[in-house]
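>>> Sequence first, predicted model second:
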Amino acid sequence: MPLLRRALPIALLVSTLQAAQAQTAPWTTVEEHCKTAEACRTEADRLLAQRPRGATSALAQSHDYFYWFGRINMASTIANVEKGIIPPQLAGPIARGVAQSINQGVRPGGRRPSDVLETEKIITDVAGPEATLIHTGRSRQDMHSTISMAQTRTELLDFTDALNAWRAQLLNVAQQHAETVVPSYTNGVQAMPISLGHYLLAYADSFARDGERIRQAWPRIDRSALGTAVLANSSWPLDRQRLADLLGFGALAVNGYDATQISQYDVGLETAQLAGSVALRVGTMMQDIHVQYHQTRPWMLLAPGSTYTSSAMPQKANPGVIQNTRGLASDVVSSVQAVLMRAHNVTPGMIDYKYTWLSGGARTFVLGTQLMRDATNVMTVLRIDPKRALEELESDWTTSMELAETLQREHGIPFRVGHHFASEIVQHGRRHNLLPKTFPYGEAQRIYAEARAKYNVGAATLPMDEAAFRRTLSPEAMVKTRVGIGGPQPAEVRRMLAEAQAALARDRQWVQERRMKQAEADARLNAAFAQLLAR
């Protein structure tokens with residue numbers, strides 16, 4: 001990436017840390033399962049989700065308060081020299097003081113204070129008291145508000161990358177199972193047969209809406225408060241737009257009071273709720289999978305090596321990856337509530353509500369990014385048994401509605417009459433332990449005749465032969481004969497899949513463009529500051 005290569009050679013920049021590569025645990029066989037309680041505990045610790053990392057990425061971790069103090073000090077030096085606030089003869093010495101403060105912070109044992117005045121002291125020890133000219137018209141308030149939004153941008157993009165990886169894995173599994181017929185459920189009860197691809201695309205579409213929400217929220221996050229001082233600006237004509245451009249912000253938080261005292265309320269809560277929205281549905285989907293996994297013969301399984309055994313019960317294959325993903329989803333939702341409650345009933349200007357989503361033990365996007373990685377891992381190790389899923393469908397009467405629809409569509413029998421007939425079929429089947437495949441055709445004829453006599457509508461005898469009756473009750477046939485936009489039929493699933501993949505590609509491009517925009521701003525700031533260093 002040329003822009004990144006252009007930005008990094010400046011000596012004072014903090015080098016971007018390399019993210020640790022996740023190690024995939026080798027699959028184990030039954031013979032390799034743990035033999036002792038201690039070994040089982042070790043195995044569980046390996047497979048259970050680890051505590052979330054301290055940052056959403058290595059880049060976010062390196063972009064701490066001290067890093068942003070350095071970038072803001074660089075931008076303030078440039079802008080104040082250009083406005084004549086810093087005299088030309090002081091530009092070089094002050095710039096070198098700023099550079100020295102940054103350079104010492106990246107060396108072993110260097111100081112990286114999180115306070116403005118402590119950082120200023122490092123600069124003035126080198127450049128003298130005149131270096132405090134960089135603080136002209138500034139305050140902790142506007143600096144911290146600016147840093148808050150800058151860090152939020154990075155964490156939100158990291159989270160969006162993880163969200164997009166999750167979406168990609170959903171689409172990958174959906175593509176593999178466009179024709180795999182599985183049960184769907186309403187009110188917790190088996191309802192109709194659909195394809196697994198149809199089910200996964202439903203969730204994928206919902207997460208695409210989260211991507212849309214992130215794009216819509218971005219302009220409200222990507223605003224600079226720098227130059228508004230505490231809340232009412234200062235007597236100095238700072239070039240706020242220049243400061244924003246140097247730091248890579250797309251716009252200004254215009255009203256000074258809003259920029260430093262109000263926006264932290266609503267923008268912070270809105271941003272946290274983006275992660276909360278995702279977490280709600282990730283948790284729901286994990287529960288769906290978990291419910292299937294509860295069965296003695298589940299059709300949703302986990303790959304060998306992705307479960308852990310009980311220390312006492314040899315038959316158990318505990319789904320730690322599912323359980324802990326559910327737990328993380330709850331943690332993310334809880335962190336959003338913490339942001340809300342911290343902001344509740346607090347007057348503007350208090351510290352209570354500021355930065356809650358970025359700090360403390362419940363960092364929303366740290367938890368959220370880990371959640372997306374863990375959820376993606378669940379989908380990666382998920383294994384589907386299509387035959388078992390079909391058996392589950394054929395063990396109940398999920399195709400009974402198709403009897404009513406077929407009678408109406410092909411034979412002109414009103415739906416409610418057909419619905420009564422199908423209901424009587426189901427009731428008789430359950431009373432006599434009969435399944436769709438074994439239900440006697442003769443009994444179907446008798447029940448139809450009774451239904452026809454009650455309503456006196458339609459053909460005198462059941463207007464479908466036994467082959468048609470069996471075909472109508474087939475889960476696979478029911479899925480394949482669906483029509484219309486958004487159905488589970490394989491052709492429509494593949495069409496929706498193509499649209500979803502195109503939408504994901506656009507969202508990934510959007511993230512890349514935001515990162516490139518920041519890289520360009522970094523390069524401009526470095527180049528302009530290098531000119532001052534040369535004076």
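Sure thing, it's come through. Predicted model only: the values in this text are computed from it and were never measured.

>>> where does the stretch 251-400 of the chain dip in pLDDT?
Segments of the stretch 251-400 of the chain classed as low confidence (criterion: pLDDT under 70) are 357-362.

>>> Could I get the full set of strands for it?
Taking DSSP state E, counting those that start in this stretch as the criterion, the stretch 251-400 of the chain carries its strands at 251-252, 300-302, 382-384.

>>> As TSV, the ones you listed with distance to Q89 and mean neighbour count would be great.
(C-beta placed from N, C-alpha, C; glycine too.) As requested, those are exported to TSV (distance: least, CB to CB, whole Å; neighbours: other CB atoms under 10 Å):
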stretch	distance to Q89	mean neighbour count
strand 251-252	31	14
strand 300-302	69	21
strand 382-384	67	16
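
>>> if we compare those strands, which one ends up closest to M516?
If you check each of those against M516 by CB to CB, strand 251-252 wins as the nearest, at 17.9 Å.

>>> what about the closest one, distance to the chain center?
How far strand 251-252 lies from its chain's middle: 26 Å, per CA atoms, centre = their mean, to the nearest Å.

>>> That one pairs with which strands, and in what direction?
Strand 251-252 has the following sheet partners, assigned by DSSP bridges: strand 223-224 (parallel).

>>> residues in contact with the following helix or strand past the partner strand?
Stepping forward along the backbone from strand 223-224, the first helix or strand reached (DSSP states H and E) is helix 240-246. For helix 240-246, contacts defined as CB atoms under 8 Å, 6 or more residues apart in numbering pick out 74-76, 78-79, 82, 223-224, 226-228, 250-252, 521, 524-525, 528.

>>> out of those residues, which are buried?
Neighbour-count burial within the contacts of helix 240-246 applies to 74-76, 78-79, 223-224, 226-228, 250, 252, 521, 524-525, 528; the criterion is 16 or more other CB atoms under 10 Å.

>>> out of the residues you listed, which one sits closest to I194?
G250 (42.3 Å).

>>> from what I can see the closest one touches I221, true?
No. The pair formed by G250 and I221 falls short of the contact definition of CB atoms under 8 Å, at 9.3 Å.

>>> To P87, which of the strands of the stretch 251-400 of the chain lies closest?
In terms of CB to CB, the element of the strands of the stretch 251-400 of the chain nearest to P87 is strand 251-252, at 26.9 Å.

>>> send the alpha carbons of the helix or strand harbouring L59 over as CSV?
For L59, the element it lies in under DSSP H and E is helix 58-62. Extracted in CSV, the C-alpha atoms of helix 58-62 (Å, rounded to 0.1, in the frame of the first residue of the first chain):
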residue,chain,number,x,y,z
ALA,A,58,-2.5,-4.0,17.4
LEU,A,59,-3.0,-0.6,15.6
ALA,A,60,-5.7,0.4,18.1
GLN,A,61,-3.4,-0.6,21.0
SER,A,62,-0.5,1.5,19.7
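
>>> Tell me which other helices or strands that helix touches.
Of the remaining helices and strands, those touching helix 58-62 by 3 or more CB pairs under 8 Å, 6 or more residues apart in numbering; DSSP states H and E are helix 140-176.

>>> thinking again about what came up before, now tabulate the strands of the stretch 251-400 of the chain in CSV and tack on distance to R495.
Compiled in CSV, the strands of the stretch 251-400 of the chain are given as follows (distance: least, CB to CB, whole Å):
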stretch, distance to R495
strand 251-252, 38
strand 300-302, 25
strand 382-384, 22
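
>>> Looking at the ones you listed, which is nearest to L170?
With respect to L170, and counting by CB to CB, the nearest of the strands of the stretch 251-400 of the chain is strand 382-384 at 10.4 Å.

>>> Show me how far that closest one is from its chain's centre.
Centre-to-centre, strand 382-384 and its host chain are 21 Å apart (CA atoms, centre = their mean).

>>> and it, which strands flank it?
Strand 382-384 has the following strand partners under DSSP bridges: strand 300-302 (antiparallel).

>>> Check this structure for its longest helix and report it.
The longest helix of the chain (DSSP state H) is helix 490-533.

>>> Just the angle for that helix relative to helix 140-176, thanks.
Put simply, helix 490-533 runs at 150 degrees to helix 140-176, going by axes from the mean of the first three to the mean of the last three CA atoms, to 10 degrees.

>>> Can you give me the pLDDT of the closest residue to Q518 other than its chain neighbours?
Closest residue in space to Q518, ignoring its immediate chain neighbours: G248 at 4.5 Å, by CB to CB, 6 or more residues apart in numbering. Reading off the per-residue confidence, G248 sits at a pLDDT of 98.

>>> low-confidence ranges in the stretch 1-150 of the chain?
Under the criterion pLDDT under 70, the flagged ranges of the stretch 1-150 of the chain are 1-53.

>>> now the helices for it?
Counting by DSSP state H, counting those that start in this stretch, the stretch 1-150 of the chain has these helices, from start to end: 2-7, 37-47, 58-62, 65-82, 88-106, 116-127, 140-176.

>>> what does the stretch 301-450 of the chain give?
Counting by DSSP H, counting those that start in this stretch, one finds helices in the stretch 301-450 of the chain at the ranges 320-343, 364-381, 386-394, 400-411, 415-431, 441-455.

>>> about what we covered before: of all the strands of the stretch 251-400 of the chain, which lies closest to G188?
Ranked by CB to CB, the member of these that lies closest to G188 is strand 300-302, at 16.5 Å.

>>> Now do the closest one: everything it contacts.
Looking at strand 300-302 with CB under 8 Å, 6+ apart, the contacting residues turn out to be I289, Q292, Y293, A317, P319, V321, I322, V381, L382, R383, I384, D385.

>>> one step back: for the residue nearest to Q518, which residues are in contact?
Taking CB under 8 Å, 6+ apart as the criterion, G248 is in contact with A150, K517, Q518, E520, A521, D522.

>>> So it belongs to a helix, correct?
No. Under DSSP: H, G, I helix; E, B strand; the rest coil, G248 falls outside any helix and is assigned coil.

>>> one step back: now the helices of the stretch 1-150 of the chain as a markdown table including distance to M464?
Output for the helices of the stretch 1-150 of the chain, formatted as a markdown table (distance: least, CB to CB, whole Å):
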| stretch | distance to M464 |
| --- | --- |
| helix 2-7 | 67 |
| helix 37-47 | 52 |
| helix 58-62 | 63 |
| helix 65-82 | 72 |
| helix 88-106 | 78 |
| helix 116-127 | 81 |
| helix 140-176 | 34 |
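
>>> Name the nearest residue to A232, ignoring sequence neighbours.
Setting aside the residues directly before and after it, A232 is nearest to G256 in space (CB to CB, 6+ apart), at 5.5 Å.

>>> residues contacting that neighbour?
Contacts for G256 (CB under 8 Å, 6+ apart) come out as D142, A225, T228, A229, L231, A232, N233.

>>> Then I425?
Applying CB under 8 Å, 6+ apart, we find I425 in contact with W397, S400, L403, F439, A444, I447.

>>> Then R524?
Each residue near R524 by CB under 8 Å, 6+ apart is listed here: D245, L246.

>>> From T369, how far out is it?
Between R524 and T369 the distance, using CB to CB, to the nearest Å, works out to 28 Å.

>>> do W510 as well
From W510 over to T369 the distance is 18 Å, taken as CB to CB.

>>> Would you check how far apart H432 and E443 are?
For H432, the distance to E443 equals 9 Å [CB to CB].

>>> Please identify which of these two sits among more neighbours.
Comparing H432 with E443 by other CB atoms under 10 Å, the one with more neighbours is E443, at 15 against 11.

>>> Contact partners for the more buried one?
Taking CB under 8 Å, 6+ apart as the definition of contact, the neighbours of E443 are H428.

>>> roughly how far apart are it and V282?
46 Å.

>>> Check V321 too.
V321 sits 13 Å away from V282, taking CB to CB as the criterion.

>>> Please consider this matter closed, and thank you.
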